[in-house]
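S.K.: Need a 3D model of the sequence below.
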Amino acid sequence: VDTSETERLLKEETETARLAEPDGLRERPVPRGRIVAENILNALAEAEKLTGVPAVRPGEMEGSADWNRAESYWKERYVRSRKQVIKNKVEAVCWLVAGFAVLNGTDFIRVVALDERVNRFFLNIALLATLVILVIILYLIFWLALVHGVDWERIYKASGKDELAGSPHKPAVRFAIGAASGALVTAIVGYPLAVWPVWGFWTLPILGVLSMACLMMMHFV
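M.R.: Got it, this is the predicted structure:
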């Protein structure tokens with residue numbers, strides 16, 4: 001085979017292909033993923049009138065008016081979220097300090113454990129209800145969510161045609177949440193009745209502060 005003839009034919013094919021394409025550039029189809037992304041960006045931009053969230057359309061260059069507007073919006077939102085987190089932490093610390101002060105000022109643990117004025121019947125019922133709540137929390141958050149990866153919140157709310165409505169975990173989740181609600185009501189009623197003979201009308205403020213302190217501990221878990 002003549003090498004020079006082969007090279008000539010290859011050059012002719014290349015030149016023919018180049019002339020058949022506009023500006024000598026090969027036209028390639030746009031990837032489907034890119035088309036989907038552009039449609040999403042356009043939809044977000046169109047929805048700005050409803051959502052109030054600025055969006056950047058495809059092709060917008062960095063430094064353009066829309067780009068700067070969207071960038072400023074998200075920066076301000078990030079700063080606000082950080083301020084809110086700090087505010088929540090400070091409030092949680094204040095409640096924990098208040099709870100510690102009440103716990104020590106009333107000698108709460110010693111009174112509940114040893115004071116003969118405490119109604120042991122209601123106290124035992126309230127403690128049992130608290131134990132039930134803790135077991136259910138461990139079941140839902142640790143056993144289902146963390147160990148088995150089950151979204152128990154969605155399962156509980158699922159209804160109708162939702163695919164999670166037929167989940168095998170739904171009966172257990174519904175029973176657990178119902179039992180936790182009943183136990184919570186029992187504890188809310190039981191603890192005040194148990195220690196009312198000791199502190200009287202001060203019972204509600206004392207238990208209220210201690211309850212908020214317990215809840216605020218979740219900010220640091």
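
S.K.: Check the secondary structure at Arg57 for me.
M.R.: Going by DSSP: H, G, I helix; E, B strand; the rest coil, the secondary structure assigned to Arg57 is coil.

S.K.: correct me, but it touches Ala45?
M.R.: Yes: between Arg57 and Ala45 there is a contact at 4.9 Å, judged by C-beta atoms under 8 Å. No exception for glycine: its C-beta is placed from N, CA and C like everyone else's.

S.K.: Between the two, which has more neighbouring residues?
M.R.: Shown here are Arg57 and Ala45; by other C-beta atoms under 10 Å, Ala45 has more neighbours (18 against 14).

S.K.: Hmm, Glu91 is touching Met212, no?
M.R.: No: counting by C-beta under 8 Å, Glu91 stays clear of Met212, with 9.7 Å between them.

S.K.: do you know how far Tyr191 is from Leu215?
M.R.: 15 Å (C-beta to C-beta, to the nearest Å).

S.K.: Quick check on the two: which one has the bigger neighbour count.
M.R.: Applying other C-beta under 10 Å to Tyr191 and Leu215 shows that Tyr191 carries more neighbours, namely 23 against 12.

S.K.: Look up which helix or strand the more buried one falls in, please.
M.R.: Using DSSP states H and E, Tyr191 sits in helix 170-199.

S.K.: what does Glu116 give?
M.R.: Per DSSP H and E, there is no helix or strand for Glu116.

S.K.: Fine, thanks again, bye for now.
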